[in-house]
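Participant: Dropping the sequence and predicted coords here.
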Amino acid sequence: YARSADLVATELLGKTLVVQRHGERRAGRIVETEAYLGESDLACHASNGHTPRTATLYGPPGTAYVYLIYGMHELFNAVCQPAGVPHAVLVRAVELLEAPADARGDGPGRLTRALGITRADNAAALVAPPVSIHEGPAVTDVIVTPRVGVAYSGLWADAPLRFLVGSSDGVSRPPATNVGSGR
């Protein structure tokens, strides 16, 4: 994880995100990610500098950065780069492998609900329970697009920093107007 988020984002595709707590295991194959590249990236939380909310983002690589958005969705990220360099990979979608029957993983808020990831997991190391990422089958059909929902970020809106498994039915399907600058 101690590398640029755009590199880590592609390497996380195909890996298995596992949540184990209270004797229950939930898991999903990562099929969509977005990279956030630090303070100069206007779509990254770190663009406003080090704050109490972003403290974990500046922490050691390989930890979870979980935050609340729109007052209702908890989103899961993997912190990248050495401590002090605030890069992260947002996991946007998973193909659910072990989850409640009615759960969905095709979006960052849906996958955290399905897997049971909450802000209580913020700053957890991703190498052991409760939240961990494990090797999975190699992915060869990666599609790259601009990120979703960051039109406010100027030139960063159209940066090719969203990565998805082309053959997966589990990726999110945002409206075209929400991808990149929406042009």
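Facilitator: Done, it's in.
Participant: Mind giving me the packing neighbours of the worst-scoring helix or strand of the chain on mean pLDDT?
Facilitator: Lowest on mean pLDDT, DSSP states H and E among the helices and strands of the chain sits strand 64-69, with a mean of 92. If contacts are counted by 3 or more CB pairs under 8 Å, 6 or more residues apart in numbering; DSSP states H and E, strand 64-69 sits against strand 73-80. (Glycine included, C-beta is placed from N, CA and C.)
Participant: Tell me the buried residues in the strand it packs on?
Facilitator: Using 16 or more other CB atoms under 10 Å as the test for burial, strand 73-80 gives 74-80.
Participant: And stretch 3-19, by the same measure?
Facilitator: Along stretch 3-19, these residues count as buried under the neighbour rule (16+ other CB under 10 Å): 5-6, 8-9, 12-19.
Participant: out of these, which one sits closest to G49?
Facilitator: The shortest approach to G49 among the buried residues of stretch 3-19 belongs to A5, at 17.6 Å (CB to CB).
Participant: can you pull out the helices in the protein?
Facilitator: Using DSSP state H, the helices of the chain run over 5-12, 108-115.
Participant: And those helices: which comes nearest W156?
Facilitator: Taking the helices of the chain one by one with CB to CB, helix 5-12 is closest: 12.3 Å.
Participant: Report the angle between the closest one and strand 73-80.
Facilitator: Calculated by axes from the mean of the first three to the mean of the last three CA atoms, to 10 degrees, helix 5-12 forms an angle of 100 degrees with strand 73-80.
Participant: Against which helices or strands is helix 5-12 packed?
Facilitator: So helix 5-12, by 3+ CB pairs under 8 Å, 6+ apart, packs with strand 24-37, strand 73-80, strand 87-98.
Participant: on that earlier part again, what I need now is the helices of the chain written out in TSV, including distance to R162 and mean pLDDT for each item.
Facilitator: Converted to TSV, these look like this (distance: least, CB to CB, whole Å; pLDDT from 0 to 100):
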stretch	distance to R162	mean pLDDT
helix 5-12	8	98
helix 108-115	11	97
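Participant: Out of the ones you listed, which gets nearest to I143?
Facilitator: Of all the helices of the chain, helix 5-12 comes closest under CB to CB, at 10.8 Å.
Participant: Now for L96: which residues touch it?
Facilitator: Counting by CB atoms under 8 Å, 6 or more residues apart in numbering, L96 touches 27-28, 103-105, 114, 170.
Participant: Which two of the residues you listed have the greatest separation?
Facilitator: The most widely separated members of the contacts of L96, counting by CB to CB, are A27 and R104 (14.5 Å).
Participant: Mind checking which of these two has more residues around it?
Facilitator: Set A27 next to R104 and count neighbours by other CB atoms under 10 Å: A27 wins out with 20 against 17.
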